[in-house]
Structure formats: structure tokens, C-alpha cells
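model the structure of this input:
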Amino acid sequence: MSLSHFDPLAGIRLFEDTLSRMLTEPSSNRPWAPAVDIFETENELVLRADLPDVELKDIDVRIENQTLTIAGERKFETQDAGKAFHRIERSYGNFVRSFSVPSAFDTEKIGAEYKNGVLTVSLPKKEAAKPRQVKVEVKA
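Numbering: from 1, shown residues only. A predicted model of the protein is given here:
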């Protein structure tokens with residue numbers, strides 16, 4: 001009978017290594033969801049999505065039933081004979097982000113602009129939802 005060294009932490013280390021690899025290495029099956037900032041001004045709701053290396057023709061912005069959907073695709077550049085990738089960490093492929101739009105915003109007057117890899121979508125407030133000032137008279 002031979003004796004072997006027992007390491008009680010071996011299972012934990014294997015789990016940590018697997019988890020670390022899963023979180024740091026790219027995966028072709030991992031869905032891509034671009035980061036989006038949403039803010040409201042006095043007159044409109046603004047969404048800004050980071051879409052680097054996405055061509056304008058590959059972006060689709062729709063609004064239906066008070067839901068704004070931004071969809072598109074970031075294409076992976078085909079490998080040339082002179083290129084040998086050592087690591088690929090950025091995600092590629094199709095993406096879809098959907099956001100519920102409050103009824104206080106006019107979805108008929110949606111506007112969008114794409115500049116320097118940032119998509120900006122603007123929805124103006126309906127007149128009834130805008131703040132207004134009412135003069136109060138004091139009677140003596």
C-alpha cells in the first residue's frame with residue numbers, strides 16, 4: 001500500500017481556477033450587451049449606448065408598445081493570412097437591449113444620432129408632462 005499526500009483545499013483551488021478562467025477568458029457563446037446610460041432632462045429622456053466598431057447599417061432602433069429596442073451586430077474581422085490572434089477578449093455577434101419607456105414621453109418624435117461609436121436616442125417629453133409654473137394670486 002502506498003501513501004499519498006492529501007490536500008483538503010485541492011477541490012477549492014480547482015473551482016477557483018475554473019471560475020477565474022470562465023470570468024476572464026472570452027467565450028463565443030457569451031451574449032454581448034453594450035453598456036447604456038439613461039438620463040432625463042427637463043425636456044427629454046436620453047439613452048446613450050456604447051457601440052464601438054459597429055457600423056451604422058448594422059444598428060436597428062425601434063419603438064413599439066412603449067418599449068424601445070436597440071439591436072445590432074458587431075462583426076468579427078475575418079482572419080487574414082498575416083494575422084495570428086493571441087487573445088480575443090471583446091465580444092462579437094448580435095446584441096439586443098430593450099427598455100420600457102414611460103408614457104410621459106412622446107414615442108412618435110424619437111430621434112437618434114450615431115457619432116464616434118456612441119448611439120444617442122432622444123425621446124421628448126409630452127407637453128402635459130413638462131413642468132410648468134402657475135402664478136398664484138393672493139386676494140386680500
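
all contacts plus neighbour counts: C-alpha atoms, from now on.
Will do.

can you give me the strands for this protein?
36-40, 44-50, 59-64, 67-74, 93-100, 111-115, 118-124 (DSSP state E).

can you count the residues close to Ser20?
When neighbours are counted by other C-alpha atoms under 10 Å, Ser20 registers 11.

for Arg13, see how far away it is.
10 Å (C-alpha to C-alpha, to the nearest Å).

now Ala49
On the measure of C-alpha to C-alpha, Ala49 and Arg13 end up 38 Å apart.

same drill for these two, tell me which one is more crowded.
Taking other C-alpha under 10 Å, Ala49 and Arg13 do not tie; Ala49 has more neighbours (19 against 11).

doesn't Ala35 make contact with the more buried one?
Yes: in terms of C-alpha atoms under 8 Å, Ala49 counts as a neighbour of Ala35; the distance is 5.8 Å.

ok, now which ones touch Asn94?
Pro31, Trp32, Ala71, Gly72, Glu73, Arg74 (C-alpha atoms under 8 Å, 6 or more residues apart in numbering).

mind listing what the third one touches?
By C-alpha under 8 Å, 6+ apart, Ala71 lies in contact with Ile59, Asp60, Val61, Asn94, Phe95, Val96, Arg97.

neighbours around the second one, how many?
It refers to Asp60. That count, for Asp60 with other C-alpha under 10 Å as the rule, works out to 12.

what's the answer for the third one, then?
By other C-alpha under 10 Å, 17 other residues sit near Val61.

surely it and Thr69 touch.
Yes: if you go by C-alpha under 8 Å, Val61 and Thr69 touch, sitting 5.8 Å apart.
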